[in-house]
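Chemist: Here's my sequence, what's the structure:
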Amino acid sequence: MAPATAKAQPVLSVLVIDDSLLIRMALKQLIAEEYRGAAFGEARTGEEALALLPKQHWSLVILDISLPDQDAFSLLEKICNSHAGTESRVLMLGTHGDDLWAARAMQLGAAGYVSTSLGRRDLLQAFKNVLVGKKFFHEPLSRDVAPKRDALRANLSAREYEVLLAFARGKQTGEIAVDLNLNSRTISTFKRRMLNKLQLNSTADLVRYAIDHKLA
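Modeler: Predicted coordinates for the structure are as follows:
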C-alpha cells in the first residue's frame, strides 16, 4: 500500500476579528492575493474570537478596535495571557490613526496598529512586518507617548474613547447612538463612566478635556 500523502499545510493562517462583513471580506481578499493558499478564520465578536483562538496556530490575528460585545483592548490582553506567542502577531485595526490607541495597543503586546484608511501598499506592509516578527505603527510614536497615554486614557475603553471624541466634536447623545449603532441609554452609561474615570462633572468638561489634551 502506498504511503499516505501528508496533507499540505497552508502558507498562512489568518484570524480576522471584525463585526463588519465588508471589512472582513476586503482584508481576506487583500491577503489572499498576496499569499496564495492562505487559510482564514472569521469572528464577528470577542466571544467568537475566543472560541476560535485555541483551535489552531494563527500566523496573524487582525483585531478591530471596536467590537460589539467587549472592549478590544481587553480581548488583546486575553489573547496575550492565554495564547502564548499569538500576542506578538496581533495587528489592531482602527477607523483612523490615533497615537493614544496605538500606544495602548503597543503596551498590551500588539505588533502594530493601522487605520482602515491606509492604502493597499501600507496595509500589506503592515501584514508583512507582523508576519516576520517586526512592529508596524503607521504614525511614529514619540518617546513620551507612554506617560501621555497613562495621563490621558484613565482606563477608558476603546468604545468610551470613541464616545469621548464624538462629544468633543459637538455631537449629542442621540446622534452618537445612531453613528455607533447603539441606544441612547448605552451612550449615557459610557458618558457616566468617563466622567467618573476622568474625575469630571459634565459634558462640557469632557469637551474641554479633549481640547486641552489635543484629542479633538
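Chemist: Now do the closest residue to residue 76 other than its chain neighbours against residue 27, distance only.
Modeler: Take residue 76 and drop its neighbours on the chain: the residue closest to it by C-beta to C-beta, 6 or more residues apart in numbering is residue 108, 5.0 Å away. For every residue, glycine as well, the C-beta is placed using N, CA and C. Going from residue 108 to residue 27 by C-beta to C-beta, to the nearest Å gives 21 Å.
Chemist: Counting neighbours, go ahead and name the busier of these two.
Modeler: Neighbour tally, residue 108 and residue 27, criterion other C-beta atoms under 10 Å: the higher count belongs to residue 27, 22 against 18.
Chemist: Tell me which other helices or strands the helix or strand containing the more buried one touches.
Modeler: Remark: residue 27 resides in helix 21-34, with elements defined by DSSP states H and E. Applying 3 or more C-beta pairs under 8 Å, 6 or more residues apart in numbering; DSSP states H and E, we find helix 21-34 packed against strand 13-17, strand 39-43, helix 120-131.
Chemist: So for residue 64, which of these sits nearest?
Modeler: Of all these, strand 13-17 sits nearest to residue 64, with 6.0 Å by C-beta to C-beta.
Chemist: what are the phi and psi values for residue 114?
Modeler: The phi and psi values for residue 114, taken as degrees, to the nearest 10, are phi -130, psi 160.
Chemist: Let me fix that, I meant to ask about residue 90.
Modeler: Per degrees, to the nearest 10, the backbone of residue 90 is at phi -100, psi 130.
Chemist: Contact partners for it?
Modeler: 61, 62, 63, 76, 79, 80, 109, 110, 111, 130 (C-beta atoms under 8 Å, 6 or more residues apart in numbering).
Chemist: Pull out the buried members of these.
Modeler: 61, 62, 63, 76, 79, 80, 110, 111, 130 (16 or more other C-beta atoms under 10 Å).
Chemist: Confirm that the fifth one sits in a helix.
Modeler: This means residue 79. Yes. Under DSSP: H, G, I helix; E, B strand; the rest coil, residue 79 sits within a helix.
Chemist: Thought residue 61 was touching it, still the case?
Modeler: Yes. Counting by C-beta atoms under 8 Å, residue 61 is a contact partner of residue 79 at 6.8 Å.
Chemist: For the protein, give me the ranges with low pLDDT.
Modeler: 1-10, 83-88, 96-100, 138-154, 214-216 (pLDDT under 70).
Chemist: How about the residue nearest in space to the middle of it, nearest residue that isn't a chain neighbour?
Modeler: Residue closest to the average C-alpha location in the chain (C-alpha atoms, centre = their mean): residue 65, at 2.6 Å. Nearest non-adjacent residue to residue 65, counting by C-beta to C-beta, 6+ apart: residue 94, 4.4 Å away.
Chemist: who does that neighbour bridge with?
Modeler: residue 115 (DSSP bridges).
Chemist: How about the contacts made by it?
Modeler: 64, 65, 66, 101, 113, 114, 115, 116 are the contacts of residue 94 under C-beta under 8 Å, 6+ apart.
Chemist: repeat that with 10 Å
Modeler: The contact partners of residue 94, by C-beta atoms under 10 Å, 6 or more residues apart in numbering, come to 64-66, 72, 101-102, 105, 113-117, 138, 158, 162.
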